[in-house]
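Q: the amino acid sequence is not available; the structure is as follows:
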């Protein structure tokens, strides 16, 4: 009894504190910036500074909550369990299952190479493995919660659905091309020795809660520069770019490929890019174009490509980027058509 | 005792090494440390999530950062 009180009381207190801070965020900045400091809410400077302070607080709070809850839930899953679930599955269904598992499995792109070798050497088909590696960064829990907070559940559901479809189809296409010859040969020759340790087993609730807390600190420490730059640029767009500017200066049907072309080389993460997404959309950029931009930033990153070069030949990496980018562009057009 | 830290040099791998060194010191063990950063060699241990800890050619932990206390248990429970 006392042990469980000691375990859960801080969690309950944290949740209450979180809810309180989240509720007072807007009134607090309204009061401090406009009433106390006396900035003009209708001036560009006032609007930009308010956007910046409010957004930094809101996004930091959202991230803290999401990362904690998701890490605790994900501690019940592992890459090892995912591989066992994928073993012996046919392509097609296997691609869809791999995409779904890519979303729920705790996975750091720094482990992409050992995981790739572990999957392929254990007999998981190349295309199925790719579906997992595409879905994992693309359908991102941070993006899910932030999209929900900014645009509501319909956009969020479309994002999750299309992300899963892109990962499934792109992996399937790569499987159909039979590109195993473009995988570095040592991958297939790797003998897996040692017994498999499943990190999700044998953890107590205290361990899982501690993992959640540590992950919040680790991720916030890693992404805060991206977050500040993203929110800063968002705040400038918010204050200085005229209403409907993007709608009036639309480049027509080329908007989506241009957004993806800009997004692929841009290295940021879901938290950093979301304030930008919000500001661009506020100024009239169509939803599909904005989402295609976001997906291309998070799904395809240069550092991950450089890591994967250890196991994939450049031709296969180029195919991977081309197939995923094509999927994202198609999604952009779909969103623009239905919303 | 031969201890290997498997990981591509991310912050978590360093935390694991600190915990492992702490555990070895507290237990007064005599251990050789080695860092394995090559992804292919990491994979050949059957490890898919770094950081991982290998003690005398057995993988004893993977995919998370343990406390010093956890590592002490892993080392003495063998």
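A: Everything's here; your move. Note that the structure is predicted; figures quoted are calculated from it, not measured. Numbers count the residues shown, from 1 in each chain, chains lettered A, B, ... in the order given.

Q: quick one, phi psi at the closest residue to chain B within the stretch 151-300 of chain A?
A: Residue nearest to chain B within the stretch 151-300 of chain A (CB to the nearest CB): residue A:199, separated by 3.3 Å. C-beta here means a position set from N, CA and C on the backbone, and glycine is covered the same way. With angles defined as degrees, to the nearest 10, residue A:199 sits at phi -70, psi -20.

Q: contact partners for it?
A: Contacts of residue A:199 were listed using CB atoms under 8 Å, 6 or more residues apart in numbering or on different chains, and they are A:78, A:80, B:49, B:61, B:62, B:63, B:64.

Q: distance check, it against residue B:40.
A: To residue B:40, residue A:199 is 21 Å away according to CB to CB, to the nearest Å.

Q: likewise for residue A:66?
A: Counting by CB to CB, the separation of residue A:66 from residue B:40 is 34 Å.

Q: ok, these two, which is more surrounded?
A: Using other CB atoms under 10 Å in any protein chain shown as the criterion, residue A:66 and residue B:40 rank with residue A:66 on top: 21 against 15.

Q: what does the model give the more buried one for pLDDT?
A: You'll see residue A:66 listed with a pLDDT of 89.

Q: skipping its backbone neighbours, what lies nearest it in space?
A: Distances taken as CB to CB, 6 or more residues apart in numbering or on different chains put residue A:145 closest to residue A:66, at 4.5 Å, once the chain neighbours are dropped.

Q: for that neighbour, grab the count of nearby residues.
A: Count around residue A:145 with other CB under 10 Å applied: 20.

Q: was I right about it contacting residue A:62?
A: Yes: with contact defined as CB atoms under 8 Å, residue A:145 reaches residue A:62; the gap is 6.0 Å.

Q: name the element the closest residue in space to residue A:107 that isn't next to it in sequence belongs to?
A: Nearest non-adjacent residue to residue A:107, counting by CB to CB, 6+ apart: residue A:136, 4.9 Å away. Take DSSP states H and E as the rule and residue A:136 turns out to sit in helix A:126-138.

Q: returning to that earlier point: what sits against the closest residue to the residue of the stretch 151-300 of chain A closest to chain B other than its chain neighbours?
A: Spatial nearest neighbour of residue A:199, chain neighbours left out: residue B:63 (3.3 Å); criterion: CB to CB, 6+ apart. By CB under 8 Å, 6+ apart, the contact set of residue B:63 is A:78, A:79, A:106, A:197, A:199, B:48, B:49, B:50, B:51, B:52.

Q: out of those, who's nearest residue A:292?
A: Set against residue A:292, the nearest of these by CB to CB is residue A:106 (27.0 Å).

Q: tell me how many other residues crowd the closest one.
A: Neighbour count for residue A:106, taken as other CB under 10 Å: 23.

Q: repeat that for the one 5 residues further on.
A: For residue A:111, the neighbour count with other CB under 10 Å is 27.

Q: next, the contact list for it, please.
A: Residue A:111 touches A:79, B:8, B:48, B:49, B:50, counting by CB under 8 Å, 6+ apart.

Q: pick out the lowest-pLDDT one from those.
A: The lowest pLDDT within those belongs to residue B:8, with 80.

Q: so where's chain B uncertain?
A: Within chain B, the segments meeting pLDDT under 70 span B:78.

Q: which SS state does the residue most central in space within it fall under?
A: The centroid of chain B falls nearest to residue B:53 when counting by CA atoms, centre = their mean (2.5 Å). What DSSP: H, G, I helix; E, B strand; the rest coil gives for residue B:53 is strand.

Q: skipping its backbone neighbours, what lies nearest it in space?
A: Leaving out its chain neighbours, the residue that sits closest to residue B:53 by CB to CB, 6+ apart is residue B:61, at 4.3 Å.

Q: direction included, what does the helix or strand containing the one you found pair against?
A: Using DSSP H and E, residue B:61 sits in strand B:58-62. Paired neighbours of strand B:58-62 in the sheet (DSSP bridges): strand B:52-55 (antiparallel).

Q: count the residues that sit near residue B:70.
A: Close neighbours of residue B:70, defined as other CB under 10 Å, add up to 17.

Q: and for residue B:9?
A: Other residues within reach of residue B:9 by the criterion other CB under 10 Å amount to 13.

Q: great, nothing more from me.
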